[in-house]
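K.L.:
quick one, what's the 3D model for this:
(one chain, ligands or ions: 1)
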Amino acid sequence: MIIRYLTAGESHGYALNVIIDGVPSNVKLQKKDIDTELQRRQAGYGRGTRMLIETDEVTVVSGVRNGMTTGSPVSLLIRNRDWENWKNKSYKETLETKPRPGHADLAGALKFDLKNIRDVLERSSARETAARTAVGAVAKKVLRELDIGFYSSVINIGGISSPVKDYKQLKKNYDNFNRTELRCMDKEASVKMKKRIDQAVTNKDSLGGVIEVLVENVPLGLGSFTQYDQKLDAALAAAIMSIQAFKGVEIGDGFSLADRTGRTAHDEIFYSKEKGFFHKTNHSGGIEGGMSNGEDIIFRAVMKPIPTLMQPLKTVDLATKKAEAAFKERSDVCAVPSASIIAENVAAVEILKFVQLKFGGDSIRELRLNLQNYLKTIR
Ligand SMILES: Cc1cc2nc3c(=O)[nH]c(=O)nc-3n(C[C@H](O)[C@H](O)[C@H](O)COP(=O)(O)O)c2cc1C
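P.N.:
Residues are numbered from 1 along each chain as shown. Next up, the predicted model:
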């Protein structure tokens, strides 16, 4: 079985829901495992007041009995508390006709022949990422059983940049680090980032940034060089690019490789009895030839500034075709810390997919045994 899912639900609708097929049986899964991820997604400096209204929690509707997955589809429901404030609003009260530059408003409304942008934004909104984070939480529980772990951090907000310097520290202090408002390892940079966000609030502007995700203990050989659609790096990049507002992904040293020569860009190969084949450097970010190479998978992704601005950009009214200012409503100013959690969870689903493609299994025991046998053969 292989994980696949579909999400449904609107930002101010009754709920978000998701059906996840392909979750192996006998994985311990509790509501709190998913709630923890949902609440991590909601935190972070720079988010709007919506996050004060919503305290996301999941209802596990199916696929789990007595705290264990059964192998049947897992379906989840996340209620929108804000629904109570929206359910009796008339069409007129919710009417928006002035599309925001940078959002899905213009193309969405014209393409679906909708007169009210509200009908587009309710679904294009990043509220949908709560459902995807919940799927990631399930994927992570499966992968934890195989000792595969995920770490994410913020390395740039609005041009204040601080790359991760010490991955050992990140892993060691991850629990404490998770509670920080900006999710950046560098305390000095965090202070500057916070100031930059405050400045953006004052200027009625918004910010984006760069996040980094690390996946540890990924077995060598996930993905394949044999076909374009089986490459792990391509699948990961596509999944991450599907997150709202993400505009670029780099694997390993990524764009900086353009400035190097081959001698400094590639990871030399070593062998020891204890470790098997290994590398001492990780410029490739753990993926070569579309396959995991046994090292940590590391990728970075850029999030653009939030499109809704309190001092709106120029637009054209869909109904009158006259020049106007884009509509505005309650919005995040910067959601990069939250986006780092989403990226971690979206990546988890992709990694699980490739683990299952390679090792199969209907139960977690079968999956684990297949993996262990394979690991013996490649030493
Ligand atoms: C965690 C997160 C929170 C977001 N919050 C907002 C928001 O409050 N207001 C807004 O206009 N856009 C927000 N966005 C960005 C939009 O959802 C996104 O720009 C829009 O859907 C258009 O898609 P695109 O940027 O991928 O082209 C958020 C994105 C993420 C990942």
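
K.L.:
tell me the secondary structure of residue 301, please.
P.N.:
Secondary structure for residue 301, judged by DSSP: H, G, I helix; E, B strand; the rest coil, is strand.

K.L.:
hang on, it packs against residue 249?
P.N.:
Yes: the pair residue 301 and residue 249 passes the contact test of C-beta atoms under 8 Å, sitting 4.7 Å apart. For every residue, glycine as well, the C-beta is placed using N, CA and C.

K.L.:
what is in contact with those two at once?
P.N.:
Residues touching both residue 301 and residue 249 by C-beta atoms under 8 Å, 6 or more residues apart in numbering: 240-241.

K.L.:
have a look at the two and say which one is more surrounded.
P.N.:
Set residue 301 next to residue 249 and count neighbours by other C-beta atoms under 10 Å: residue 301 wins out with 26 against 20.

K.L.:
any idea how far residue 140 is from the more buried one?
P.N.:
Distance, residue 301 to residue 140, using C-beta to C-beta, to the nearest Å: 18 Å.

K.L.:
likewise residue 89?
P.N.:
Using C-beta to C-beta, one gets 37 Å for the distance from residue 89 to residue 140.

K.L.:
cool, residue 346 as well?
P.N.:
Taking C-beta to C-beta as the measure, residue 346 falls 11 Å from residue 140.

K.L.:
what's the answer for residue 353, then?
P.N.:
13 Å.

K.L.:
next one: residue 102
P.N.:
Between residue 102 and residue 140 the distance is 31 Å, computed by C-beta to C-beta.

K.L.:
ok, these two, which is more surrounded?
P.N.:
For residue 102 versus residue 140, neighbours defined as other C-beta under 10 Å are more numerous around residue 140 (23 against 17).

K.L.:
pretty sure the more buried one belongs to a helix, no?
P.N.:
Yes: checked against three-state DSSP, residue 140 lies within a helix.

K.L.:
so it makes contact with residue 150?
P.N.:
Yes: between residue 140 and residue 150 there is a contact under C-beta under 8 Å: 6.2 Å.

K.L.:
what do these two both touch?
P.N.:
Each of 345, 348 lies in contact with both residue 140 and residue 150 under the rule C-beta under 8 Å, 6+ apart.

K.L.:
enumerate the residues of the stretch 1-150 of the chain near the ligand.
P.N.:
Residues of the stretch 1-150 of the chain found near the ligand (C-beta under 6 Å from any ligand atom) are 48, 102-104, 124-126, 129.

K.L.:
please redo it, this time with the cut-off set to 8 Å
P.N.:
Residues of the stretch 1-150 of the chain found near the ligand (C-beta under 8 Å from any ligand atom) are 41, 47-48, 50, 100, 102-104, 121, 124-126, 129.

K.L.:
and these, which is the shakiest by pLDDT?
P.N.:
Lowest pLDDT of those: residue 50, 63.

K.L.:
hang on, the earlier thing: out of the residues of the stretch 1-150 of the chain next to the ligand, which sit inside helices?
P.N.:
Those of these mapping onto helices are 41, 50, 121, 124, 129, per DSSP state H.

K.L.:
from memory the last one sits against residue 340, does it?
P.N.:
No: under the criterion of C-beta under 8 Å, residue 129 is not in contact with residue 340, lying 11.7 Å apart.

K.L.:
can you tell me the helix or strand for residue 5?
P.N.:
Residue 5 belongs to strand 4-8 when assigned by DSSP states H and E.

K.L.:
may I see the buried residues of that strand?
P.N.:
Judged by neighbour count using 16 or more other C-beta atoms under 10 Å, the buried positions of strand 4-8 are 5, 7.

K.L.:
and the contacts of that strand?
P.N.:
The contact list for strand 4-8 (C-beta under 8 Å, 6+ apart) reads 16-22, 128, 131-132, 135, 349, 353.

K.L.:
how distant is that strand from the center of its chain?
P.N.:
15 Å (C-alpha atoms, centre = their mean, to the nearest Å).

K.L.:
may I have the secondary structure class of residue 371?
P.N.:
Under three-state DSSP, residue 371 falls in the helix class.

K.L.:
look up how far residue 224 lies from the closest residue to it other than its chain neighbours.
P.N.:
The shortest distance from residue 371 to any residue other than its chain neighbours is 5.0 Å, reached at residue 359 (C-beta to C-beta, 6 or more residues apart in numbering). From residue 359 over to residue 224 the distance is 14 Å, taken as C-beta to C-beta.
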